[in-house]
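S.K.: whatever this is, show me its structure:
(2 chains)
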Amino acid sequence: MPLTAAAPTRRVLLIGYGNPGRGDDGLGPAVAAEIEALAIRGLTVDIDYQLTVDHAALIAAHDVVVFADAMIGLAVPYRFAEVDAAQPATLGSHQVSPEAALALARLLFGHAPPGWMLAIAGQDFGEVKEGLSQPARENLAGAVAFLRGWMAEAGSVPVAALHRVE
Amino acid sequence: MAETRLIEISPVTRVEGHGKVTIHLDENNQVDEARLHIVEFRGFERFIRGRLLWEVPVIVQRLCGICPVSHHLAAAKAMDQIVGVDVLPPTAEKMRRLMHYGQVMQSHVLHFFHLSAPDLLFGFGAPAEKRNIFEVIRENPELGLRAVLMRKFGQEIIEATAGKKIHGTGAIPGGINRNLDIATRDRLLGQVDQMLDWSQAALSIARTYVETHAETVAGFGTFPSSHMALVREGDGALDLYHGRLRALNSAGAPIFDMLDYCDYHKVLVEDVRSWSYMKFPFIAALGPDDGWYRVGPLARMNTASFIDTPLANAAHGALRAFSGGMNHSTLANHWARMIEVVHCVEKIRELLHDPDLQGTDLVAKGERRFEGIGVIEAPRGNLIHHYKVDEHDQVTYCNLIVSTTHNNEGMNRAVKDVAVKHLSGQPRITEGMLNHVEVAIRAYDPCLSCATHALGQMPLQIEVYDADARLIDRAGQCL
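M.R.: Sure thing, here's the model as predicted:
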């Protein structure tokens, strides 16, 4: 479900997470870095190794949040879907899901914004390795193009702001 | 043929990374053997070969997304030696210390409130749906909020000193690449007194738990062992960033003391076992059977002569008085961990008032060397980085001993102790019983040098096999 209420002042948060030293696990940070380079007005970009509990504070301070992470076994290059706040069965620093982060934001700070998950297909996660695999690079390009378009279409930030700030 | 059952807990939940516990029961349901298996990633030591020495403090952060700052600083200390620097400019050392205290603080806070508090507050055998941070927050919203804001404070310090949360670049061979600007200092100073109050409240929770559950604590993964940590040169004070190695036996007598950590390989031997990827270090003088030791917060409380900040020192004295000397209780790690949080916040406040943080002499130079060893007390315990570099500045050798490796035998002993006491003779193994084993592991806050954490991973599976390796029972959930 796309966002319908265009609001130039909407505070959008993009969290790209993963370990770039573990091959395609770096897809989340990579997509966030590419979007950050666009210097989109109203957009906050956070790049981290993983989602952690303290992201709840950042999430609660925004109107929309997009989570970007690599995914194993995804049959399509990327998948974009809405995520709802939900309490997981257990929670650890490796197990903070987007749903859990949203639930923590709501529980602790009284506000969980609409959340979206951009899952990008990766293949090579197995060892300490820099750089993305060729399929992951192709998936990344598609995901970045999609996300940039989504932000414009959804009206979460002004279309004009999607141009690079010189 | 007597039937035995094999129970696997794989992976261990609320532990950093991947772990698997196997518990063998005999025909009378008595625990025959219990082991913690850890798939530690050893590929990094090969990966780093050929990299330029200047890159190393940044690249090593890719080893682990849980404690990147510890690896960053340990590697930087090793590279200091390689660039011929034994003494850093005051601004550089103090910036690194600030970074480290921020890291230790936020790591300990995360562990205590989010990973261990559910067990401590609701009981090890409480229903699984109850043992999580959401229930902690519902019962004590203020506590949950403090936990998040304390961790956030630690992260802000890391960003201010390392540059960013991921792949920070603050520490460089011979020094640091930034000082602390006044605006950031003042922003952090505005929060630090609150953080100290909350730290003391957290310490009170941990201390009260141990004191009021003395019988449980004494009977849960308590066994004599040696303990090892860095202590400050000269006076033996707790020092998380730099010092000399001290190892005490179970009675508190020195095995070695004030040892230059560059000689670690003369006193420690890394043993291997056929059933684990992770090595088993031991103190050479005591041999492989008796030379195992523990590291981490409790080991630091046992080895430190005192703590050079007043609130933490008073707490250290209380722990020592309660223990009557060396403390060997696995669960006392929680108390020790919170003492260190208080210490870190006291140190952070002290440093933020130090004008050296605004100094401009950031890097020292020296005569080039070809080998460097950096040792630091990471949140989980002693961390050793050892490198050799050739004339082209390329790494030719790397050896890392991480805290979880130091604690390997200790964790295995804790697993066995708890399994025997809580699982033996039980006609049916419940999830709550298995959680007792996980509680023992979590008390060490092991970081398993995690593999990737991409979506779709981290299932929890508990499987029971008979003597013929047939699956006879299964429990599990997807995290």
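
S.K.: low-scoring stretches of chain A, by residue?
M.R.: Within chain A, the stretches with pLDDT under 70 are A:1-9, A:89-95, A:126-128, A:153-166.

S.K.: show me where it has its helices.
M.R.: Under the criterion DSSP state H, helices of chain A are mapped to A:27-36, A:55-60, A:98-109, A:134-153.

S.K.: any idea which residue of chain B lies closest to chain A?
M.R.: Of all residues in chain B, B:R62 sits closest to chain A, at 2.2 Å by C-beta to the nearest C-beta. In short, each C-beta sits where N, CA and C put it, glycine included.

S.K.: count of neighbours near that residue?
M.R.: The local packing of B:R62 (other C-beta atoms under 10 Å in any protein chain shown) involves 24 other residues.

S.K.: so how far is B:A183 from it?
M.R.: 31 Å (C-beta to C-beta, to the nearest Å).

S.K.: equivalent analysis for B:S107, please.
M.R.: B:S107 sits at a distance of 26 Å from B:A183 (criterion: C-beta to C-beta).

S.K.: neighbour count: those two, which is higher?
M.R.: Using other C-beta under 10 Å as the criterion, B:S107 and B:A183 rank with B:S107 on top: 27 against 8.

S.K.: so what's that one closest to, chain neighbours aside?
M.R.: B:P379 (3.8 Å; C-beta to C-beta, 6 or more residues apart in numbering or on different chains).

S.K.: residues contacting the one you found?
M.R.: B:C67, B:S70, B:Q103, B:V104, B:S107, B:H108, B:H111, B:S403, B:D445 (C-beta atoms under 8 Å, 6 or more residues apart in numbering or on different chains).

S.K.: nearest to B:G366 among the residues you listed?
M.R.: B:G366 lies nearest to B:S70 out of the contacts of B:P379, by C-beta to C-beta, at 24.3 Å.

S.K.: mind checking pLDDT for that closest one?
M.R.: Per-residue pLDDT puts B:S70 at 93.

S.K.: what values do phi and psi take at B:L88?
M.R.: Backbone torsions of B:L88, given as degrees, to the nearest 10, read phi -80, psi 160.

S.K.: what is the burial count for it?
M.R.: Other residues near B:L88 number 23, with proximity taken as other C-beta under 10 Å.

S.K.: got the contact list for residue 30?
M.R.: In the absence of a named chain, this looks at chain A. If a contact means C-beta under 8 Å, 6+ apart, then A:A30 has A:G16, A:P20, A:L132, A:L140 as its contacts.

S.K.: that's the wrong chain, I meant chain B
M.R.: Contact analysis of B:Q30 by C-beta under 8 Å, 6+ apart lists B:S424, B:G425.

S.K.: what's the pLDDT at the most centrally placed residue in chain B?
M.R.: The residue lying closest to the centre of chain B (C-alpha atoms, centre = their mean) is B:R380, at 0.8 Å. B:R380 is assigned a pLDDT of 93 by the prediction.

S.K.: B:S204 now?
M.R.: The per-residue pLDDT reported for B:S204 equals 96.

S.K.: say whether chain A is contacted by the helix or strand it falls within.
M.R.: For B:S204, the element it lies in under DSSP states H and E is helix B:182-212. No - using C-beta under 8 Å from any C-beta of the partner chain, helix B:182-212 stays clear of chain A, with a minimum separation of 12.9 Å.

S.K.: tell me, how many residues neighbour B:R246?
M.R.: B:R246 has 24 nearby residues by other C-beta under 10 Å.

S.K.: who are the contact partners of B:S424?
M.R.: Under the criterion of C-beta under 8 Å, 6+ apart, the neighbours of B:S424 are B:N29, B:Q30, B:V31.

S.K.: my guess is the last one contacts B:D417, does it?
M.R.: Spelled out, that is B:V31. No - when contacts are counted by C-beta atoms under 8 Å, B:V31 is not listed as touching B:D417 (9.9 Å).

S.K.: residues touching B:G291, list them.
M.R.: B:S226, B:V269, B:F282, B:I283, B:A284, B:A285.

S.K.: for B:S250, that is, sorry about that
M.R.: Contact partners of B:S250, counting by C-beta under 8 Å, 6+ apart, are B:P224, B:S225, B:S226, B:M326, B:H328.

S.K.: and the nearest residue to the fourth one once chain neighbours are set aside, which of the three is it?
M.R.: What it means is B:M326. Computed as C-beta to C-beta, 6+ apart, the closest residue to B:M326 that is not its neighbour in sequence is B:G252, at 4.7 Å. Under DSSP: H, G, I helix; E, B strand; the rest coil, the three-state class of B:G252 is coil.

S.K.: quick revisit: so what's the residue nearest to the centre of chain B up against?
M.R.: B:R380 makes contacts with B:C67, B:S107, B:V295, B:G296, B:V402, B:S403, B:T404, B:N407, B:Y444, B:D445, B:P446, B:C447, as judged by C-beta under 8 Å, 6+ apart.

S.K.: which secondary structure element of chain B has the lowest mean pLDDT?
M.R.: Least confident element among the helices and strands of chain B, by mean pLDDT, DSSP states H and E: strand B:459-465 (a mean of 40).

S.K.: strands along chain A, start to end?
M.R.: Using DSSP state E, the strands assigned to chain A run over residues A:12-17, A:43-48, A:64-72, A:78-83, A:115-122.

S.K.: go on, the stretch 1-150 of chain B?
M.R.: With strands called from DSSP state E, counting those that start in this stretch, the stretch 1-150 of chain B shows them at B:5-10, B:19-25, B:31-38.

S.K.: among those, where is the model least confident on average?
M.R.: Looking at these, the lowest mean pLDDT belongs to strand B:5-10 (a mean of 61).

S.K.: spatially nearest residue to the residue in chain A that chain B sits nearest to (excluding sequence neighbours)?
M.R.: For chain A and chain B, the shortest gap (C-beta to the nearest C-beta) falls at A:G21, measuring 2.2 Å. Spatial nearest neighbour of A:G21, chain neighbours left out: B:R62 (2.2 Å); criterion: C-beta to C-beta, 6+ apart.

S.K.: right, and that neighbour touches B:A75 too?
M.R.: No - under the contact definition of C-beta under 8 Å, B:R62 does not touch B:A75, with a separation of 11.2 Å.

S.K.: got the domain boundaries for chain B?
M.R.: Under the assignment automatic domain parsing, the domains of chain B span B:5-39+B:411-478, B:88-222+B:340-363.

S.K.: give me the number of residues near A:A33?
M.R.: 16.

S.K.: now B:T360
M.R.: Using other C-beta under 10 Å, B:T360 has 7 other residues around it.

S.K.: tell me the pLDDT at it?
M.R.: pLDDT, B:T360: 97.

S.K.: dump the residue contacts of the nearest residue to it once chain neighbours are set aside.
M.R.: Among residues not flanking B:T360 along the chain, B:N179 sits closest, at 6.7 Å (C-beta to C-beta, 6+ apart). B:N179 makes contact with B:T91, B:M95, B:L357, B:Q358, B:G359, B:T360, B:L362, according to C-beta under 8 Å, 6+ apart.

S.K.: phi and psi next, for B:N179.
M.R.: In terms of degrees, to the nearest 10, the main-chain angles of B:N179 are phi -110, psi -170.

S.K.: what about it, distance to B:R187?
M.R.: Counting by C-beta to C-beta, the gap from B:N179 to B:R187 is 15 Å.

S.K.: about what we covered before: now do the contacts for the residue of chain A closest to chain B.
M.R.: Contact analysis of A:G21 by C-beta under 8 Å, 6+ apart lists A:V128, A:K129, A:E130, B:I59, B:Q61, B:R62, B:L63.

S.K.: do stretch B:166-175 and chain A meet?
M.R.: Yes - Stretch B:166-175 reaches chain A (C-beta under 8 Å from any C-beta) through B:I166, B:H167.

S.K.: show the average pLDDT along that stretch.
M.R.: Per-residue pLDDT over stretch B:166-175 has a mean of 90.

S.K.: what does stretch B:117-134 give?
M.R.: What stretch B:117-134 shows for mean pLDDT is 84.

S.K.: residues making contact with it?
M.R.: Here stretch B:117-134 has contacts from A:53, A:87-91, A:103-104, A:107, B:113-114, B:135-136, B:139, B:143-144, B:147, B:205-206, B:209, B:334, B:430-433, B:435-436, B:439, B:442, using C-beta under 8 Å, 6+ apart.
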